[in-house]
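Enquirer: give me a 3D structure for the following:
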Amino acid sequence: MKKTIKNKIRNIGIIAHIDAGKTTVTERILYYTGRSHKLGEVHDGEAVMDWMPDEQERGITITSAVTACQWKSFDIQLIDTPGHVDFTIEVERSLRVLDGAIGVFCGVGGVEPQSETVWRQANKYHVPKMAFINKLDRIGADFYNVVEAIETKLNAVPLVMQLPVGIEDTFDGVIDLLTMKHIKWDDDSSGANFSELEIPDDMTDKAAAYKEKLLETLAETDDDIMESYLAEEPIDIERLKLAIRAAAINLKLVPLFCGSALKNKGIQPLLDAVGSYLPSPMDLPPMKANNPVTHEDVECPPSDSAPLAALIFKVAMMEGRKLSFVRVYSGKLKAGQEVYNPYRGKKEKLSRILRMHANKRERIDFVGAGAIVGVVGLKDSSTGETLCMANDQVTLERIEFYEPVISIAIEPKTLTDQDKLEQVLNKLVAEDPTLRVKNDEDTGQTILSGMGELHLEVITSRMDREYSTKVNVGKPQVVYRETIAETSSGSAVFDKEISGQKHFGEVSLQIAPGKRGTGVKFLSKVTQDNIPPNYIPIIEKGIMDSLGSGPVLGYPIVDLTVTLTGGSVKESMSTELAYKVSSSMALNEAFANAAPYLLEPIMKVEAFVPEAFMGEVIGDLNARGGKIEQITPQMGIQIIEAEVPLSKMFGYSTDIRSATQGRGTFSMQFSHFDNI
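Expert: Prediction:
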């Protein structure tokens, strides 16, 4: 691949709130670039990029889909990402490997909650962005309100490149503020044909005012433009385009376009803008990496002749085979090549390299720097890991994953399902880093944890559809602990003949409450005249076994000290069995007068909420028996730290979204056990 072609690569993603029209925009891009020959509609379940049955049924994007297309001289590699907060990891790992993004905003809804989240994610990875205000044909659409919301809610500087002509059912095209022309699409050509007309008379003043505003905004970012602007010299379009491109790549401005993807209006100028204003791999600083051998920082330039550095940003199971999605930052990948994974210290062989088009793929022999491809043959490598050469090792920064916040208990419906369940769960966890599976030893339940109720609903649906494994779903049982409030004593004698052998053991002990979180301590104050030393470990084991089931509801007992205070021995009659049983009996007697009670699991909760909703969220946490520990302001949101009983946290992911209009998120982890 030549350097000139590298300059023509555009790795972009479509990001937005759910139902802003991301997938429809993507479908139009594929149609006008000739990648698909039919306009796929989301509402008909025919969108190319929404290929999973669950996506087609629900009309939403669940998994980020990769495709490649060509527009004029540009090679566009495109990722359509989900808009639902439960699948936010798909956006996170896509933005990690993209060079640019198009934020799609609904002309009616404007900057919606998840729009803010994905915009923050893009800022985190310093991804240059453009904005596209969609659905201007809808009732209630307001282009100018959305522009203002982008400025105020996202702290962005939108550079308005187009104005809509008409609105709602009179939406008739756009005014290009660089050429000062009215672009009007033919309604009978599926949007493929359009004309450049003079600006309507009733729009000339507004267009002139916005052109002036465009020049003013641009002048603030470019000294040359500023000089020409102040001198009132004419500035040619190519100079303006170069200045817009530089400002967009440096994250100073967000070029803003508009249209209606469903009505096939506005997509071709958007594609032109992708080529004009979003960066190629050559326009961005080289990716930073670390040499795991020397621990020195190194750079990975976007050159085919440089050492290999590629990041696995996603793993998917397609038709039963593991498919790894890889972004090549430097060097080349060849089919049949042996590569090295420094995280695992293992060599892997690339059996095939695939150019992806949603769930369809095309085999290719090799790719160079800047490519995003699917790779088959990686057995051990996983999401976030680096591929390089064994003699030139580098590790790229790993992708941050979110901790799951909601859990369900699952159990197989039939014996056949039971045999397959573990294998199926392993495959799903390999695909999705926000999914966790654990077996609860206390309840025997298999606990599946994820990012939200929809996330887990989709996972259980996929288990049935893709792997023919049916499960029953229920809430996990809260596992309590038990402890005591009073110091108490107990003693017991075991003196019986079993199978012709006499067994004797006598034990006296004392139990005392311990500090919260100290666990169980065992002390012995007996002499060897009372009980021979070889029996002490047996007595301790008997006590520890008995503490596994408490007197209140049979939960494990914690936070107490058991002291062995006395006992007796009979020559030739004392046995291990007798001391084990008598220690358990003495413990049960002591518990009767020790005022035992339940402890419940307390969770450390961190809620991330916009300031406007803070009072409501704090009130809700207090109502759940929570204790607010700390409130920290950060970048337009408030971080509320609290301790809340686990039993009161079921369904909280839905409740916090309702209380914050979908803007709030939270994380939760176990803190300690405490009184009910």
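
Enquirer: the residue positioned nearest the centre of the chain and V373, how far apart?
Expert: The structure's the chain has its C-alpha centroid closest to I89; by CA atoms, centre = their mean the separation is 2.2 Å. I89 sits at a distance of 21 Å from V373 (criterion: CB to CB, to the nearest Å). Quick note: C-beta positions are derived from backbone N, CA and C, even for glycine.

Enquirer: pretty sure A289 contacts L308?
Expert: No: checked against CB atoms under 8 Å, the pair A289 and L308 is beyond contact range at 11.0 Å.

Enquirer: mind telling me what element the residue lying closest to F666 once chain neighbours are set aside is part of?
Expert: Setting aside the residues directly before and after it, F666 is nearest to A607 in space (CB to CB, 6 or more residues apart in numbering), at 4.4 Å. Secondary structure from DSSP states H and E places A607 in strand 596-610.

Enquirer: may I see the buried residues of that strand?
Expert: Residues of strand 596-610 classed as buried by neighbour count (16 or more other CB atoms under 10 Å): P596, L599, E600, P601, I602, M603, V605, E606, A607, F608, V609, P610.

Enquirer: show the subsequent helix or strand relative to that strand.
Expert: For strand 596-610, the following helix or strand on the C-terminal side (DSSP H and E) is helix 614-623.

Enquirer: helices along the stretch 201-350 of the chain, start to end?
Expert: Ranges of helices within the stretch 201-350 of the chain are 204-219, 223-230, 237-249, 267-277, based on DSSP state H, counting those that start in this stretch.

Enquirer: counting by contacts, list what the third one packs against.
Expert: Secondary-structure packing of helix 237-249 (3 or more CB pairs under 8 Å, 6 or more residues apart in numbering; DSSP states H and E): strand 158-160, helix 204-219, helix 223-230, strand 254-258, helix 267-277.

Enquirer: quick one: average pLDDT of that helix?
Expert: For helix 237-249, the mean pLDDT works out to 95.

Enquirer: okay, angle between that helix and helix 204-219 too, please.
Expert: If you take axes from the mean of the first three to the mean of the last three CA atoms, to 10 degrees, helix 237-249 sits at 60 degrees to helix 204-219.

Enquirer: need the contact partners of helix 237-249.
Expert: 128-130, 159, 161, 178-179, 215, 218, 221-222, 224-225, 228, 253-255, 276-279, 283-284 (CB atoms under 8 Å, 6 or more residues apart in numbering).

Enquirer: hmm, 10 Å instead?
Expert: Outside helix 237-249, the residues that touch it by CB atoms under 10 Å, 6 or more residues apart in numbering are 99-100, 126, 128-130, 157, 159, 161, 176-179, 214-215, 217-226, 228, 235, 252-255, 273, 275-280, 283-284.

Enquirer: now list the buried members of those residues.
Expert: Buried, going by 16+ other CB under 10 Å: 99-100, 128-130, 157, 159, 161, 176-177, 214-215, 217-219, 221-222, 225-226, 228, 235, 252-255, 273, 275-280, 283-284, out of the contacts of helix 237-249.

Enquirer: which one is D365 nearest to, not counting chain neighbours?
Expert: Nearest residue to D365, sequence neighbours excluded (CB to CB, 6+ apart): A335, at 5.4 Å.

Enquirer: residues contacting the one you found?
Expert: For A335, the contacting residues are 349-354, 363-367, 375-377, by CB under 10 Å, 6+ apart.
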